[in-house]
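Peer 1: can't give you the sequence, but here's the structure:
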């Protein structure tokens with residue numbers, strides 16, 4: 001039996017290597033919002049964790065973002081924390097739980113997740129993969145096998161990502 005419906009092609013993936021205590025990642029938020037608005041489900045946007053040693057709360061923030069994802073509010077949480085990087089710098093882990101509470105998430109579960117380390121393996125795996133492909137700073141984007149470093153400047157990056165995404169969405173040329 002043949003199926004005459006068009007084949008469902010997978011959406012291209014944009015991996016965003018990010019750190020939630022990084023001012024450059026906060027600067028990238030507008031571009032990420034624009035990309036999500038432009039492409040919707042046609043582009044899979046995946047947050048990948050790359051906590052930097054110079055930011056002492058970044059590893060905990062990455063774990064907290066995973067807990068938010070588990071509770072169904074991953075991107076909202078990431079945006080809320082990135083939008084207030086200075087507060088994270090000052091307040092540390094209690095701030096991560098505070099943001100969860102503000103978003104109506106289970107703050108007690110956040111606190112427990114940060115204590116028991118249930119998301120450490122995900123963060124470690126992201127960081128190891130990032131290092132393996134040459135990520136050295138954040139934000140770094142990978143789409144269509146191409147790595148784009150946003151740590152120095154966001155200038156022109158969204159346009160370059162859109163060019164690659166449009167090419168991938170157009171599919172192979174006949």
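Peer 2: Arrived safely. Small disclaimer: the values here were computed from a predicted structure and weren't measured. Numbers count the residues shown, from 1 in each chain.
Peer 1: quick check: end-to-end length of stretch 82-99?
Peer 2: With C-alpha to C-alpha, to the nearest Å as the measure, stretch 82-99 spans 11 Å from end to end.
Peer 1: what does stretch 34-52 give?
Peer 2: End-to-end distance for stretch 34-52, by C-alpha to C-alpha: 26 Å.
Peer 1: ditto for stretch 97-114
Peer 2: Where stretch 97-114 begins and where it ends lie 9 Å apart, using C-alpha to C-alpha.
Peer 1: what residues sit buried inside that stretch?
Peer 2: 97, 98, 99, 100, 105, 107, 110, 111, 113, 114 (16 or more other C-beta atoms under 10 Å). To be clear about C-beta, it is placed using only N, CA and C from the backbone, and glycine gets the same treatment.
Peer 1: how far out from the middle of the chain is stretch 29-37?
Peer 2: 12 Å (C-alpha atoms, centre = their mean, to the nearest Å).
Peer 1: quick one: mean pLDDT for it?
Peer 2: The predicted model assigns stretch 29-37 a mean pLDDT of 91.
Peer 1: Three-state assignment for the residue positioned nearest the centre of the chain, please.
Peer 2: Centroid check for the chain by C-alpha atoms, centre = their mean gives residue 47 as the closest residue, at 2.2 Å. Here residue 47 takes the strand state, with states given by DSSP: H, G, I helix; E, B strand; the rest coil.
Peer 1: tell me which residues touch residue 39, please.
Peer 2: Residue 39 makes contact with residue 165 under the criterion C-beta atoms under 8 Å, 6 or more residues apart in numbering.
Peer 1: just the residues contacting the helix or strand hosting residue 164, thanks.
Peer 2: According to DSSP states H and E, residue 164 maps onto helix 157-170. Helix 157-170 is contacted by residues 12, 14, 28, 31, 34-35, 38-39, 42-43, 141, 143-144, 146, 148, 150 when judged by C-beta under 8 Å, 6+ apart.
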